[in-house]
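Asks: here is the input, now give the coordinates:
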Amino acid sequence: MGLGLCALLLTATALADPGGQDNPSTQDLFDADGYRIARFQAPVPETPPGATRLTTEAAARMLSTGRAVAIDVLPSPERPANLPDDALWLPPPHSNIPGSVWLANVGYGRLSPRLETYFREQLDRLTEENPDRALIFYCKADCWMSWNAAKRAAAYGYRQVRWYPRGTDGWTALGLPLRPSQPVPLAPPPEGNRPLE
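Replies: Residues are numbered from 1 along each chain as shown. Coordinates of the predicted model:
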């Protein structure tokens with residue numbers, strides 16, 4: 001099996017229902033702070049605290065005026081740390097809303113310190129440290145990753161957080177185009193934290 005196909009399967013697994021539990025309790029799905037931590041591909045009924053829900057039409061209008069930054073949070077596997085530098089590795093291909101920034105993996109319910117630092121730094125960069133700059137978070141339809149990311153951005157103090165729950169599925173359903181994209185790279189871990197070779 002090729003590395004690209006393996007990476008694609010890892011992404012699908014991250015979003016998929018892990019199975020084995022038909023009726024998980026709320027404590028199995030959410031952490032104490034209210035972030036979804038399991039079964040990320042499931043209906044998302046409510047707007048995250050501190051965010052405003054957008055329709056496809058409203059998202060398209062905001063983006064056409066340049067008044068907002070669109071942030072795709074679809075997960076993507078990282079290059080394996082033990083892969084030799086000269087080894088070819090390709091993440092699965094992904095397309096998103098034109099003009100979007102892909103901040104992969106920031107929609108998980110629990111972020112490592114490294115991933116949380118990455119998310120905060122990217123939001124600072126994208127908003128030019130302006131907490132009133134509009135941010136539109138999305139993923140796919142029925143994806144809790146965008147819900148978590150929007151909730152987290154609002155908790156960081158961003159005041160114009162928008163949540164587009166239909167994501168790329170809703171965008172294409174309206175006949176709007178997608179463009180190939182690559183995630184903004186995550187800085188490598190400090191030298192002392194790299195695996196031994």
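Asks: leaving out chain neighbours, which residue sits closest to the residue nearest the centre of the chain?
Replies: With distances taken as CA atoms, centre = their mean, the chain has residue 73 as the residue nearest its mean C-alpha position (1.5 Å). Among residues not flanking residue 73 along the chain, residue 107 sits closest, at 3.9 Å (CB to CB, 6 or more residues apart in numbering). Every residue, glycine included, has its C-beta placed from N, CA and C.
Asks: and that neighbour, what does it touch?
Replies: When contacts are counted by CB atoms under 8 Å, 6 or more residues apart in numbering, residue 107 touches 40, 73-75, 137, 139, 143-149.
Asks: looking at these, which one is closest to residue 47?
Replies: When the contacts of residue 107 are compared for distance to residue 47 (CB to CB), residue 147 wins out at 8.3 Å.
Asks: same for the strand or helix carrying the closest one, what does it pack against?
Replies: In this assignment (DSSP states H and E), residue 147 forms part of helix 144-155. Secondary structure elements in contact with helix 144-155, counted by 3 or more CB pairs under 8 Å, 6 or more residues apart in numbering; DSSP states H and E, are strand 51-53, helix 113-127, strand 134-138, strand 161-164.
Asks: can you name every helix or strand that the second one contacts?
Replies: Packed against helix 113-127 by the contact rule (3+ CB pairs under 8 Å, 6+ apart) you find strand 68-72, strand 134-138, helix 144-155.
Asks: buried residues in that helix?
Replies: Residues of helix 113-127 classed as buried: 115, 118, 119, 122, 123, 126, 127 (neighbour count, 16 or more other CB atoms under 10 Å).
Asks: could I get the helices and strands packed on helix 144-155 as TSV with mean pLDDT and distance to residue 170?
Replies: Supplementary listing: these in TSV, determined by pLDDT from 0 to 100; distance: least, CB to CB, whole Å:
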stretch	mean pLDDT	distance to residue 170
strand 51-53	98	12
helix 113-127	97	22
strand 134-138	99	8
strand 161-164	98	7
